[in-house]
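Participant: here you go, sequence then predicted model.
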Amino acid sequence: MVNDEFASLLGLVHTDNGWRRINVTESEEQIQHDVANRITQLLTKNQYEDAWNAGRVYATRPDIALPSMRALDSPAEAFAEIGAHLLLDPTVATYVKPQVIDYFRDRVFPTFAAPPTPGL
């Protein structure tokens, strides 16, 4: 089950062909396709770090603002990646939209915001 609010915050919409970015131009779709092909080429050459970096550079651009290309696959994938990055990467606010961070803080990790109550 997909949370439409979360998908919208990410800028993703579900189509007959799967998840796509909202309001993306044809030229931007081509760029994304080219990056995906480049990643595939690097992976077939066992150049895993280069493949990760290529996807990360593309996906962390301000207009996309996700941890990696893989996060564009679906809101579920993005949820998992963003959640992990929020817990492990102190620089996450430099590449994830503030609204998405607020979503996690308010709905996913609300107990992290409040200090523990003594004796409970």
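Facilitator: Arrived safely. Residues are numbered from 1 along each chain as shown.
Participant: how about the strands in the protein?
Facilitator: 12-15, 18-21 (DSSP state E).
Participant: quick one: buried residues of the first one?
Facilitator: By neighbour count, and taking 16 or more other Cβ atoms under 10 Å as the criterion, the buried residues in strand 12-15 are L12. Any C-beta I mention is one placed from the backbone N, CA and C, and that applies to glycine too.
Participant: now do the last one
Facilitator: Along strand 18-21, these residues count as buried under the neighbour rule (16+ other Cβ under 10 Å): W19, R21.
Participant: still on that earlier bit, out of the strands of the chain, nearest to V35?
Facilitator: V35 lies closest to strand 18-21 among these, at 12.8 Å (Cβ to Cβ).
Participant: for the residue lying closest to I101 once chain neighbours are set aside, the count of nearby residues, please.
Facilitator: Nearest non-adjacent residue to I101, counting by Cβ to Cβ, 6 or more residues apart in numbering: A93, 6.3 Å away. A93 is flanked by 11 other residues according to other Cβ atoms under 10 Å.
Participant: look at A93 and report its pLDDT.
Facilitator: The predicted structure scores A93 at 93 on the pLDDT scale.
Participant: so it touches V100, yeah?
Facilitator: No: counting by Cβ atoms under 8 Å, V100 is not a contact partner of A93; they are 10.1 Å apart.
Participant: show me the helices in this protein, by range?
Facilitator: Along the chain, the segments classed as helices by DSSP state H run 4-10, 26-44, 48-59, 75-88, 98-103, 110-113.
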